[in-house]
Each structure stands twice: as structure tokens, then as C-alpha cells.
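**Student:** how would this look folded up:
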Amino acid sequence: ALFSTYKHDFLPVFDQLLPYASKLLEAEHPWADHQWGLCIFDDLVEYAGPQSLNYQQHFVNQTLHYVCDPQPEVRQAAAYGCGVMGQHGGPNYASICASAVPRLVEVIQAQGSREPENVNPTENAISAVTKILKFNAGAINVDEILPVWLSWLPVVEDVDESPYVYGYLCDLVEANHPIILGNQNANIPKVIEIFAEAFSCDALPPSHEVYNRMVNITRQVQGNGQVFEACVGRLTEPQKQALSDALSGNVAPVKAN
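**Tutor:** Just a heads-up that it's a prediction; the model follows:
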């Protein structure tokens, strides 16, 4: 709360708390301490931005290590931290972000990563890779990662992270990115299927600007009747209904969690 209120002006006070925050990340501490410690340093990066790099010896290696922790809550906090390094850390975090990507990929592609107990840390890891690709890709080959990234979608559980993932997908589609659209637009049905599943699972509130971008892209595809028919043909009935509702604006309020 203090970081979110005072941003980098809180750092002189945080300096006094730093030894206690660092201790939480020590290996012999219980996993709940690791989770709390990671959350503290996540906020440091998110709200102090590039200035947080002055503290890197206290949390960077630890965050990368805990991305692969056996405890889902710890993995989630570490994955989120990698995402904020990408989004808020600035270009001096580029090599750190590049080091994070293989660890995040390992978590995303691990056996059982979409099981109920693992799905939130997995989706946080997908969002973290998304933020690195979008905001801090100076030390990685984006085009090499994009096909794999697309294969991880849709994400439907973490409504806080969904806008980043779908917003980036919209960026790529709107820019006619050849890897996302595929040879002769072969990936368009896949993109529409991702959107339809997101709509059917309430992954985004209808009032969100990313939701509206997804609807607008779908309408553009709808303009080509033959292509759109091929897209709809591969959808499940719930997906077809959700897509139809989204296109017509006939969307029920998002269900409370």
C-alpha cells in the first residue's frame, strides 16, 4: 500500500525494512515467507520502476529461482515479478527478462500445468512472457517465441492478467504480424477460436477496451463470409453462442467470483 501510494518516495523508508524483506526469501524459510517476500519485491519493481535495479542483489536471482518452486503460490508471485520487471523495469532489465523466459516456459509447459491447483501460476507465467515480449524484448528473439506463445492461448482464469495477454494478441493481429496471422492468414481461425473461448469464459469484462478490440477484429473477419464460416465451423456450441452474443452486444454482466 505504501509503495502504491508513494512510489519511489517510499524507498528511504523501505531501505530500513530491506533486511527483513530479504530474509523472507532465504531458502530455509517456509514457503509462505517466500511468497510474501516476492510480493514485496514485486511491488518494489512495479512502483519504483528502473530505480528498483539498485536492489537487484536482494531479489533478482531469488525471483528467477522461485519461478520453478513446487509451491503454486510461490511460483505465481515469482512469475508475476518477472512480468513487472518486463513491464516496469526499463531497458536495463532486458538481460534479466531474457534469463526469465526459459524458466517461465518450463512452468507453462510442465505436465499438469493447467490443473486447477496450477492454472493461476501458469497463466501468470504466460502473462509475464507476454509483458516481456511487449515491453522489454531487447535481449530476446520475439519471432522465435511467438509461435509457442500463441499455442498457450487462451487464458481464462486470471481476469487481472487476461487484458495484457489479449491486448498483445490484438496488437499483433492489428499490425498484421505474419507469424500470428500465418501463411495466407491460416491462423485466423485459431485467433477467432481463442477469442470465442475468452468470451465464453468471461475472461474479460465487456466494458474493457481490449474486449472491444477483440470484437472489432472479429467483425473484420466476419466481413469475409467464407473465412468467417470456416472459423465458426470449428467452434463448440458454447463458443459459438458467446461469439454471437459478443458481436451483437448481447452480453450478460460478468459473473461474480
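
**Student:** Pull the distance from the one helix or strand residue 15 maps to to the chain's centre.
**Tutor:** Assigned by DSSP states H and E, residue 15 falls within helix 11-24. Taking CA atoms, centre = their mean, to the nearest Å, one finds helix 11-24 lying 28 Å from the centre of the chain it belongs to.

**Student:** Quick check: what element follows that helix along the chain?
**Tutor:** From helix 11-24, the next helix or strand downstream (DSSP H and E) is helix 31-48.

**Student:** Tell me where the model's unsure across the stretch 151-257 of the chain.
**Tutor:** Along the stretch 151-257 of the chain, segments meeting pLDDT under 70 span 251-257.

**Student:** Going by residue numbers, what spans are helices in it?
**Tutor:** With DSSP state H, counting those that start in this stretch as the criterion, the stretch 151-257 of the chain has helices at 162-174, 178-181, 188-200, 209-222, 225-233, 237-248.

**Student:** Any chance of those in a markdown table with mean neighbour count and distance to residue 39 as columns?
**Tutor:** For glycine as for every other residue, the C-beta is placed from the backbone atoms N, C-alpha and C. Putting the helices of the stretch 151-257 of the chain into a markdown table (neighbours: other CB atoms under 10 Å; distance: least, CB to CB, whole Å) gives the following:
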| stretch | mean neighbour count | distance to residue 39 |
| --- | --- | --- |
| helix 162-174 | 21 | 18 |
| helix 178-181 | 16 | 33 |
| helix 188-200 | 23 | 27 |
| helix 209-222 | 17 | 25 |
| helix 225-233 | 14 | 41 |
| helix 237-248 | 16 | 34 |
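
**Student:** I'd like the ones you listed laid out as a markdown table, including distance to residue 93.
**Tutor:** Listed next are the helices of the stretch 151-257 of the chain as a markdown table, based on distance: least, CB to CB, whole Å:
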| stretch | distance to residue 93 |
| --- | --- |
| helix 162-174 | 17 |
| helix 178-181 | 25 |
| helix 188-200 | 29 |
| helix 209-222 | 25 |
| helix 225-233 | 38 |
| helix 237-248 | 36 |
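
**Student:** Let me know which of those is the nearest to residue 154.
**Tutor:** helix 188-200 (4.5 Å; CB to CB).

**Student:** Among the helices of the stretch 151-257 of the chain, which comes closest to residue 4?
**Tutor:** helix 162-174 (18.3 Å).

**Student:** Check the offset of the closest one from the chain's centre.
**Tutor:** 10 Å.

**Student:** same thing with stretch 143-162?
**Tutor:** The answer for stretch 143-162 is 7 Å, by CA atoms, centre = their mean.

**Student:** so how far does it reach from one end to the other?
**Tutor:** 21 Å (CA to CA, to the nearest Å).

**Student:** just stretch 135-151 next, same as before
**Tutor:** 20 Å.

**Student:** what sits up against that stretch?
**Tutor:** Contact with stretch 135-151 is made by 85-87, 89-91, 93-95, 97-98, 101, 105, 126, 129-130, 132-133, 169, 172, 177, 179-180, 187, 190, as judged by CB atoms under 8 Å, 6 or more residues apart in numbering.

**Student:** What subset of the residues you listed is buried?
**Tutor:** The neighbour count (16 or more other CB atoms under 10 Å) marks 85-87, 89-90, 93-94, 97-98, 101, 105, 126, 129-130, 132-133, 169, 172, 177, 179-180, 187, 190 as buried among the contacts of stretch 135-151.
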